[in-house]
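Student: Next come a sequence and a model predicted from it.
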Number of protein chains: 2
Amino acid sequence: MPSFSATTASTETPAPNDRSVGPVLSQTAHFDTPLPLACGRTLPQYDLAYETYGILDAERSNAVLICHALNASHHVAGFYADDPDNIGWWDNMVGPGKPLDTNRFLVVGVNNLGSCFGSTGPISTNPATGKPWGSDFPIVTVEDWVDAQAQLADRLGIAQWAAVMGGSLGGMQSLDWAIRYPSRIRNALVIAAAPNLSAENIAFNEIARQSIMSDPDYHDGNFGAYGVKPRGGLRVARMIGHITYLSDEQMEAKFGRQLREGLKFSFAPEFQIESYLRYQGEKFAEYYDANTYLRVTKALDYFDPATREGGDLARALAPATCRLLVVSFTTDWRFPASRSREIVKALVRERRDVTYAEIAAPHGHDAFLLDNPQYHAVVRAWFQRMAAESGVGDDFPRPSRQ
Amino acid sequence: MPSFSATTASTETPAPNDRSVGPVLSQTAHFDTPLPLACGRTLPQYDLAYETYGILDAERSNAVLICHALNASHHVAGFYADDPDNIGWWDNMVGPGKPLDTNRFLVVGVNNLGSCFGSTGPISTNPATGKPWGSDFPIVTVEDWVDAQAQLADRLGIAQWAAVMGGSLGGMQSLDWAIRYPSRIRNALVIAAAPNLSAENIAFNEIARQSIMSDPDYHDGNFGAYGVKPRGGLRVARMIGHITYLSDEQMEAKFGRQLREGLKFSFAPEFQIESYLRYQGEKFAEYYDANTYLRVTKALDYFDPATREGGDLARALAPATCRLLVVSFTTDWRFPASRSREIVKALVRERRDVTYAEIAAPHGHDAFLLDNPQYHAVVRAWFQRMAAESGVGDDFPRPSRQ
C-alpha cells in the first residue's frame, strides 16, 4: 500500500496565505492484468500515472477521485519541486482550505489511458513490438478509462470513493462511475458536462481530427517513426477547440477588435485575437501528442450512456444510486446548461438524489476551471456537508490557519 | 450599352409553374481605369463578371444590385444553357413572380474582385508579369468591392440603384453602398449581416486561414506555380465555416448522433455529420481558390464602418439617406440578431428610414439563402411597395401567368 502522505511532500512549510498542497510527486502504478476495451481489443498491460494529496483516513472513506478533461493530466494540484511553475490544473479547487479541502479529503488525480502525460498511450512502448504504440494504440472510451481507474482504486485500497469529480469530459467519467460502479461511489460531481455530444460538438471534433490527419507530417499516425509531428494540424485543432471553450461575450470583452499595430493588409496576425489563438495553438502543438488528441476526441464522441437503454437517458442513469451534484455555466455553449438539465431531469425522473446549480458566469466552458466564487461556494458546501454527515476527516488535526 | 434582355435568353419558354429566370449568360465588363484600393495599391485594370435578369425600364430606375457573400458569385438566378444544374445561388429569391420580381426589376449580379469566378482575382493574369496574380493579388476590402461595383453601374448606365441587396458579407456591401454612395441608392437591404465582425467571428476566419496557410501545398500562396492546391487546408477551412452557417438546433435535427453503420473504432467517418462535413469540404476544395478564401475572410475581418467615426456606428451610418430594410434570423449565431439590432439602433438614432424584421427560423445563418415564407414575404412586400410608390416596372406588360 503506498504511503499517501509521501506524495504531499511537506519539506517546505507553506506560508500562511499559501493554500497550495505544495510540492507533489507524480507516481505510476503498473498493471499486468489485461484490460478488455470497448473496441474489442485488450490492453495486455498498462501504467496509470497519478498523484495524491491529503491523507486517507482510517476508514478509507475520504478518498475523492478527480477525472481530467481533454488535455489535462493527473497533475491536479500543487507543483513539482523541480518545476515550481508547473501548477496543477485545478489548483484553485483542490488544496488545504479550498473547496475540495485536502485537510479532510484524500484527493487522487489520475491520467487516463491513451494520454501523453505518463499513463500508457500512443507514445508508450508497445510490449509486443518494443516500439511506441503510435497509431496502433486502441481507441479508448470513457468506460475504458473508468474501468482502469477502478483498477487503480483497488490498488490504492479504496473500496468506495467519497466522491468522483470532473468537469467537461471529466464530468462524463464521473457520471459513468455513478452508473457502472454504483457501490463504489457515494457522490458524483458532474460539472460542465453533457449526457452525450451534439452533432455540432462532434463536428468540431471531426474538424480538429481532419486538421491533424491532413497534415502531411501525420504519416497515418506513425509520425514518430519519421521524427516529426503534425504541428500545423495540432495547432489548428487546438485553435478550433479553444474557440469553443470561451464564450462569445468573454472573447469580445477580452479581445474585441483590438489590433496589435493597425491594419497591415497582410496575413500576419493583425487582431489580438489572432495572436492569442496562434500562441495557444503553438504552445499546444509543442507538448501534446496528435494520436492522443485523435483518441480523446473520439472518446468524447462515443460517450452516450443512453444508447445502452435504447436512447432512454433516465433508464441509463437509473443504476446511479449515489448523490449527484450537477453544475453548469450560463455562457457555456460547448456543453450548454440545457444539456446538464437533461441529466438532471433524467435523474429526477428516477427519483435520484440530485442537486443542480446553474452558475451565472461569463467565461463559457472554461468557467469550470476558473475561480468563480458562487461556483466554488457550491462545491465547497457540497464537500462540507459530505464531511459533516460522514464524519470524514474528523480524526485529522486541524491546522491552526484553517 | 449592353442589351439587358439578351442575358435572360428567352429561347426556351418556361413552363407555367417554372418561375426561373431561365437560361442566363455570364458577361464580363473590362475596366482600364485603375482602381485605387484601401491597402494603398492600385489595380491597373480589371474585369468584373456579372449577370442581369429582367429589363431596365425607360427611366433606368428599376435596377437592383445583388452583392454576394463569401463563396458565391454573380450567378444569382437562372441556369446556364450548357449546364442546367448550375442554378443561381439566390434563385428562390430572384425571378418572375419571386420576392424580387424580375418582371418589374432589372436585377444585376456581380462577382467581386479577388474572387475565382470570373472577376479579376488571384487566378487571373497579372498584366505586369503575364503570370497569374497568385499571392501578389492585393487584399481587397468591402469598400474596394463597392467602388468597383459603382464602376460597373456607370458602365451599365445605372445612375441610381432602386436597391442594393445582400446577405451576410453581401449585406455589408449593401450597407457600404448606403453610406458611401447615398445618392446612388434608394433602398438598401441588409440581411443576416453585422456592423463588423466580433472577436469570435475573426477567430473562426483566422483558423480557416491558418488551416490553408499551414498546408505544405500552399507554398506561400504560389501553389499555382507548383501545379498543386492546398486541398487539405481548404477542406478544413470550409468545414469550419460550414459549422458557423448552421444552427446547433438544425444540425441536431438533421444529423443528431446518427451513425452511418455503427461504431467502427476508427478515424473513418462514423457519424453522419462527419460524412456530411467531409463531403462539403471536399466539394469546396475542388472549386474554390485558396488565395481567394484568404482575401474574402480578410475583407470580412476589416469591414467596420464605425472606425471612420471613432467607433460611433450611428455617426458612421448618418450619411445613409436611403430607405433600409434590416433582416436577421433568430438562430443565426454567426451574425446574431443582436448585431443587426446594433445597425437598426444606430440608424434610428440618426432618424433614418429603417425597417427591421427578425425572422424566427431554425436554420442559423444559412436561413438567408433558404425559402422561409415569412422572410420572403417581408422582402416581397418591400419590393412591392418600392414598385408601387415609384411606378417601377409599370410600363412592362404583365405576363399572363403572374
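Tutor: Received, thanks.
Student: Quick check: buried residues in stretch A:66-84?
Tutor: A:66-80 (16 or more other Cβ atoms under 10 Å in any protein chain shown). The way it works is simple: take the backbone N, C-alpha and C, and place the C-beta from them, glycine included.
Student: Likewise for stretch A:109-129?
Tutor: Per 16+ other Cβ under 10 Å, stretch A:109-129 contains these buried residues: A:109-124.
Student: Sort out for me which of these are in helices.
Tutor: Counting by DSSP state H, none of the members of these fall within helices.
Student: Those residues in strands, which ones?
Tutor: Among these, DSSP state E puts A:109-110 in strands.
Student: and the least confident of the buried residues of stretch A:66-84?
Tutor: Minimum pLDDT for those is recorded at residue A:71 (88).
Student: quick one: secondary structure of it?
Tutor: coil (DSSP: H, G, I helix; E, B strand; the rest coil).
Student: if I pick the closest residue to it other than its chain neighbours, what's in contact with it?
Tutor: In space, and not counting its chain neighbours, residue A:71 is closest to residue A:288: 6.0 Å by Cβ to Cβ, 6 or more residues apart in numbering or on different chains. Counting by Cβ atoms under 8 Å, 6 or more residues apart in numbering or on different chains, residue A:288 touches A:71, A:116, A:234, A:238.
Student: and which of these is nearest residue B:255?
Tutor: When the contacts of residue A:288 are ranked by distance to residue B:255 (Cβ to Cβ), residue A:238 comes first, at 24.7 Å.
Student: Quick check: which element contains that closest one?
Tutor: helix A:231-245 (DSSP states H and E).
Student: So which of the contacts of residue A:288 sits lowest on pLDDT?
Tutor: Where pLDDT dips furthest among the contacts of residue A:288: residue A:71, at 88.
Student: Would you check how far apart that one and chain B are?
Tutor: 17 Å (Cβ to the nearest Cβ, to the nearest Å).
Student: Distance of that residue relative to residue B:203?
Tutor: Distance, residue A:71 to residue B:203, using Cβ to Cβ, to the nearest Å: 19 Å.
Student: cool, and residue A:254?
Tutor: For residue A:254 relative to residue B:203 (Cβ to Cβ), the value is 11 Å.
Student: How far does the longest helix seen in chain A sit from its chain's centre?
Tutor: In chain A, taking DSSP H as the definition, the longest helix is helix A:373-390. Put simply, helix A:373-390 sits 20 Å off its chain's centre (Cα atoms, centre = their mean, to the nearest Å).
Student: So which elements touch it?
Tutor: strand A:100-101, strand A:187-191, strand A:323-329, strand A:354-359 (3 or more Cβ pairs under 8 Å, 6 or more residues apart in numbering or on different chains; DSSP states H and E).
Student: Touching the helix or strand just after the longest one from outside, list them.
Tutor: Once the chain leaves strand A:323-329, the next helix or strand it forms, by DSSP H and E, is helix A:337-349. The contact list for helix A:337-349 (Cβ under 8 Å, 6+ apart) reads A:175, A:190, A:192-195, A:198, A:313-314, A:316-317, A:320, A:324, A:326-330, A:354, A:356, A:358.
Student: quick one on the thing from earlier: nearest to residue A:210 among the buried residues of stretch A:66-84?
Tutor: residue A:70 (17.0 Å).
Student: Next up, the contacts around the closest one.
Tutor: A:168-169, A:241, A:296-297, A:300.
Student: pLDDT of the helix or strand where residue A:166 lies, averaged?
Tutor: Here residue A:166 sits within strand A:163-167, counting by DSSP H and E. In this model, strand A:163-167 has a mean pLDDT of 98.
Student: which other helices and strands contact it?
Tutor: Using 3+ Cβ pairs under 8 Å, 6+ apart: strand A:163-167 touches strand A:63-67, helix A:169-180, strand A:187-191.
Student: Partner strands of the first one and their direction?
Tutor: When you say that, I think you mean strand A:63-67. Sheet pairing of strand A:63-67 (DSSP bridges) gives strand A:106-110 (parallel), strand A:163-167 (parallel).
Student: Determine the angle, from 0 to 180 degrees, between that strand and strand A:187-191.
Tutor: 30 degrees (axes from the mean of the first three to the mean of the last three Cα atoms, to 10 degrees).
Student: and what of the second one?
Tutor: In terms of direction (the same axes, to 10 degrees), helix A:169-180 departs from strand A:187-191 by 150 degrees.
Student: residues of helix A:169-180 that come out buried?
Tutor: Those buried within helix A:169-180 under the rule 16+ other Cβ under 10 Å are A:169-180.
Student: Which single one of the residues you listed is nearest to chain B?
Tutor: Of all the buried residues of helix A:169-180, chain B sits closest to residue A:172, with 14.4 Å by Cβ to the nearest Cβ.
Student: gap between the closest one and residue A:142?
Tutor: 5 Å.
Student: next one: residue A:103
Tutor: 31 Å.
Student: more crowded one of these two?
Tutor: Shown here are residue A:103 and residue A:142; by other Cβ atoms under 10 Å in any protein chain shown, residue A:142 has more neighbours (25 against 20).
Student: Dump the strands paired with strand A:63-67 into a markdown table; add distance to residue A:262 as well.
Tutor: Below are those laid out as a markdown table (distance: least, Cβ to Cβ, whole Å):
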| stretch | distance to residue A:262 |
| --- | --- |
| strand A:106-110 | 45 |
| strand A:163-167 | 39 |
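Student: how about these, which one is nearest residue A:95?
Tutor: strand A:106-110 (8.9 Å).
Student: I'd like the mean pLDDT over the closest one, please.
Tutor: On average, strand A:106-110 scores 98.
Student: what's near enough to touch the most centrally placed residue in chain A?
Tutor: For chain A, the residue nearest the mean C-alpha position is residue A:68 (1.4 Å; Cα atoms, centre = their mean). Taking Cβ under 8 Å, 6+ apart, we find residue A:68 in contact with A:74, A:76, A:89, A:109-112, A:166, A:169-170.
Student: Need the three-state assignment for the residue in the stretch 1-150 of chain A that chain B sits nearest to.
Tutor: As assessed by Cβ to the nearest Cβ, chain B sits closest to residue A:39 within the stretch 1-150 of chain A, at 3.9 Å. With three-state DSSP as the basis, residue A:39 sits in coil.
Student: and stretch A:120-134, is it in reach of chain B?
Tutor: No - counting by Cβ under 8 Å from any Cβ of the partner chain, chain B is not contacted by stretch A:120-134; separation bottoms out at 12.7 Å.
Student: what's the first-to-last distance across that stretch?
Tutor: End-to-end span of stretch A:120-134 (Cα to Cα, to the nearest Å): 11 Å.
Student: Residues contacting it, please?
Tutor: A:43-48, A:113-116, A:135-137, A:221-225, A:289, A:291-292, A:295.
Student: In helices, which of these fall?
Tutor: Going by DSSP H, the helices hold A:291-292, A:295 from these.
Student: For stretch A:130-137, list every residue counted as buried.
Tutor: Result for stretch A:130-137 [16+ other Cβ under 10 Å]: buried residues A:132-135, A:137.
Student: so how far is residue A:29 from the nearest residue to residue A:142 once chain neighbours are set aside?
Tutor: Sequence neighbours aside, residue A:303 is the residue nearest to residue A:142 in space, at 4.6 Å (criterion: Cβ to Cβ, 6+ apart). Per Cβ to Cβ, residue A:303 is found 24 Å from residue A:29.
Student: Compare those two (neighbour count), which wins?
Tutor: Neighbour count, other Cβ under 10 Å: between residue A:303 and residue A:29, residue A:303 has more, with 21 against 18.
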